[in-house]
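This is the structure alone, sequence omitted:
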């Protein structure tokens, strides 16, 4: 979303304009559901988290200072809510699909394993690697955006992404299970 469009949307949201709420839901709703589903592996939980995210956004929009993009702020809320839900559930479940990318690990995945092994491998990883891989590859967020969402330095995100790739590769080579 262009900066001018986003600034206008924020102004309209702060005024309580219904059209702004509809626009926000339209622009981010499906992407948030996908991200939450990737993290939670439960459609109902993902929908609940997205609904809770938008409730928080709508009720706290006046406290949004603009230090990050609206998109980043919303995703940070959703990711934090997913983490809270995972803490209470204590389970990490597989993702149904894999998106094709140009990275060598992903090329190996697409060419050499079946989807069941990918599920096992991705979800056998530590949640810290899992969430960074999801945000980078599935949501196609930049290192900077992921750092803002997770409230971490870019170097930390790069390190987690690199370690996550290596862990995923190792898990795939070992048949879908990675034990740290």
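Right, received. Where do you want to start? Here the structure is a predicted model, which means the values were calculated and not measured.

helices and strands of the protein: which one bottoms out on pLDDT?
For the chain, using mean pLDDT, DSSP states H and E, the weakest element among its helices and strands is helix 104-112, scoring a mean of 49.

Tell me, please, where in this structure the pLDDT is lower than the cut-off.
Scanning the chain for pLDDT under 70 picks out 1, 89-119, 175-180.

which stretches of it form strands?
Secondary structure of the chain (DSSP state E): no strands present.

where do the helices sit along it?
Assigned by DSSP state H, the helices in the chain fall at 3-14, 18-40, 43-60, 70-89, 104-112, 115-124, 127-133, 143-150, 154-173.

May I see those arranged in a markdown table, with mean neighbour count as well?
Glycine gets a C-beta too; all of them are placed from N, C-alpha and C. Listed next are the helices of the chain as a markdown table, based on neighbours: other C-beta atoms under 10 Å:
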| stretch | mean neighbour count |
| --- | --- |
| helix 3-14 | 14 |
| helix 18-40 | 18 |
| helix 43-60 | 16 |
| helix 70-89 | 18 |
| helix 104-112 | 14 |
| helix 115-124 | 18 |
| helix 127-133 | 21 |
| helix 143-150 | 20 |
| helix 154-173 | 17 |
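
can you give me the end-to-end distance of stretch 9-20?
Stretch 9-20 has an end-to-end distance of 6 Å (criterion: C-alpha to C-alpha, to the nearest Å).

now that stretch, how far from the chain's geometric center?
Chain-centre distance of stretch 9-20: 25 Å, with C-alpha atoms, centre = their mean, to the nearest Å.

Not counting its own residues, what contacts that stretch?
1, 21, 23-24, 58, 61-62, 64, 66, 70 (C-beta atoms under 8 Å, 6 or more residues apart in numbering).

ok, now with 6 Å
61-62, 70 (C-beta atoms under 6 Å, 6 or more residues apart in numbering).

domain assignment for this protein?
Here the domain assignment for the chain is 3-89, 104-173, based on automatic domain parsing.

contact partners of stretch 36-54?
32-33, 77-78, 81-82, 85, 93, 95, 134, 138.

go on, stretch 56-73?
Residues from elsewhere that reach stretch 56-73, judged by C-beta under 6 Å, 6+ apart: 6, 10, 13-14, 74, 77, 145, 148-149.
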